[in-house]
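Asker: take this sequence and fold it.
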Amino acid sequence: QVQLVESGGGLVQAGGSLRLSCAASGRTFSRYVMAWHRQAPGKERELVAHITSGGSTNYADSVKGRFTISRDNAKNTVYLQMSSLKPEDTAVYYCAARDIIKSTYDYWGQGTQVTVSS
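Answerer: You can find the predicted model right below:
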């Protein structure tokens, strides 16, 4: 079992920055693919970015060039650095983990609210 706890959300003005953190515990963190998803009111949850155990990353088109996902395996932590934030980035952001051999995310955090004011 993997426990995930997000932090770092809050209220920020458009154009500003935030860094989200996700602390993992329970099993071998380094073997997991880690991801950030988000869900805005009235919308489906969407994948924002993921990072493999080897450090390869992928981003949704809507955040490319503005968001950066990274991980520190020594600290069992994954980060999402968000810059040039837009009101449409407002959502609950969720950290998720999956084993490298699986295609679906098995473990989820409780979510952290990010609100971008115009």
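
Asker: CA atoms for contacts and neighbours, from now on please.
Answerer: Will do.

Asker: how about Ala40, phi and psi?
Answerer: Phi and psi for Ala40, reported as degrees, to the nearest 10, are phi -90, psi 160.

Asker: tell me how far the residue lying closest to it once chain neighbours are set aside lies from Val33.
Answerer: Sequence neighbours aside, Ala91 is the residue nearest to Ala40 in space, at 4.2 Å (criterion: CA to CA, 6 or more residues apart in numbering). Distance from Ala91 to Val33, counting by CA to CA, to the nearest Å: 22 Å.

Asker: show me what contacts the most centrally placed residue in the chain?
Answerer: Per CA atoms, centre = their mean, the C-alpha nearest to the average position across the chain is that of Trp36, at 2.4 Å. Residues in contact with Trp36 (CA atoms under 8 Å, 6 or more residues apart in numbering) are 47-50, 80, 93-96.

Asker: most neighbours among the residues you listed, please name it.
Answerer: In terms of neighbours by other CA atoms under 10 Å, the contacts of Trp36 top out with Cys95 at 31 neighbours.

Asker: which residue packs closest to that one, ignoring adjacent ones?
Answerer: Nearest residue to Cys95, sequence neighbours excluded (CA to CA, 6+ apart): Trp36, at 4.7 Å.

Asker: so after the one helix or strand Ser21 maps to, what's the next helix or strand?
Answerer: Element membership of Ser21, judged by DSSP states H and E, is strand 18-25. On the C-terminal side of strand 18-25, the nearest following helix or strand under DSSP H and E is strand 32-39.

Asker: shaky segments in this protein?
Answerer: For the chain, the stretches with pLDDT under 70 are 27.

Asker: any chance you could map the helices in it?
Answerer: Assigned by DSSP state H, the helices in the chain number zero.

Asker: hmm, back to that, burial check on the residue nearest to Ala40, number of neighbours?
Answerer: The burial count for Ala91: 21, using other CA under 10 Å.

Asker: wait, isn't it in contact with Gly42?
Answerer: No. Judged on CA atoms under 8 Å, Ala91 makes no contact with Gly42 at a distance of 10.2 Å.

Asker: if we can go back for a sec, so what are the sheet partners of the strand holding Ser21 and their directions?
Answerer: Strands that pair with strand 18-25, judged by DSSP bridges, come out as strand 3-7 (antiparallel), strand 77-82 (antiparallel).

Asker: if anything else comes up later, I'll come back, but that's it for now.
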